[in-house]
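*Asks:* Turn this into a model:
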Amino acid sequence: MIGSWKWNVSVSFVTAGLIFLISYPNNPLPTTLYRTAVSFVILFAMTYAVRWMLGQAMKADSKRTKGQRIDMVTPNESAPLDLPMQEASPENSEHAAAHSNTEEEAVEFAPLTPPKLVRTTDSLDPKQTADTIRQLAKK
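*Replies:* As a prediction, the model looks like this:
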């Protein structure tokens, strides 16, 4: 937990004072004192909760939190990026064992060339197209 109980008391007193000053002109004194006391108690407990949450968030690594923090490091430029994926697949394990040279093989970049869509008929029959649209409109 961060801080001490003095934080709880100081936050509660400041807030209770503000509530008293705001509530006193509009309410009778017993109502104002009751609302001030209730706000003091609630904020005293809430400050404990906030201090506990902050303490948990700022706590140093322990056995309970070990492994939950990520150390972001950029990979080495000379290391191949897809090496872990190749090692994980069983079909590439034989290929990797056969080609386990210390020098990296140069791989050329080849963009994908998808097949082009080609119309199979020269022209569509207008009557057949109209019938198809009418059938779709009925549904």
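*Asks:* from here on, contacts and neighbour counts on C-alpha atoms
*Replies:* Will do.
*Asks:* State which helix of the chain is the longest.
*Replies:* The residue-count maximum for a helix in the chain (DSSP state H) belongs to helix 29-58.
*Asks:* Now that helix: buried residues?
*Replies:* 32-33, 36-37, 39-40, 43-44, 47-48, 51 (16 or more other CA atoms under 10 Å).
*Asks:* which one among these gets closest to residue 17?
*Replies:* residue 36 (7.5 Å; CA to CA).
*Asks:* Could you measure from that closest one over to residue 27?
*Replies:* Going from residue 36 to residue 27 by CA to CA, to the nearest Å gives 12 Å.
*Asks:* any weak-confidence spans in this protein?
*Replies:* 1, 60-68, 71, 75-106, 120-122 (pLDDT under 70).
*Asks:* If we use 90, what do you get?
*Replies:* Within the chain, the stretches with pLDDT under 90 are 1-8, 48, 51-129, 132, 138-139.
*Asks:* Please identify which helix or strand holds the residue lying closest to residue 43 once chain neighbours are set aside.
*Replies:* Residue nearest to residue 43 in three dimensions, not counting chain neighbours: residue 12, with 5.4 Å by CA to CA, 6 or more residues apart in numbering. Element membership for residue 12, per DSSP states H and E: helix 5-23.
*Asks:* quick one: buried residues of that helix?
*Replies:* By neighbour count with 16+ other CA under 10 Å, helix 5-23 contains the buried residues 8-9, 11-13, 15-16, 19-20, 23.
*Asks:* ok so, going back, counting by contacts, list what the longest helix of the chain packs against.
*Replies:* helix 5-23 (3 or more CA pairs under 8 Å, 6 or more residues apart in numbering; DSSP states H and E).
*Asks:* Next, the angle from the helix it packs on to helix 29-58.
*Replies:* Per axes from the mean of the first three to the mean of the last three CA atoms, to 10 degrees, the angle that helix 5-23 makes with helix 29-58 is 140 degrees.
*Asks:* Contacts for helix 5-23 next, please.
*Replies:* Residues outside helix 5-23 that contact it (CA atoms under 8 Å, 6 or more residues apart in numbering): 32-33, 35-37, 39-41, 43-45, 47-48.
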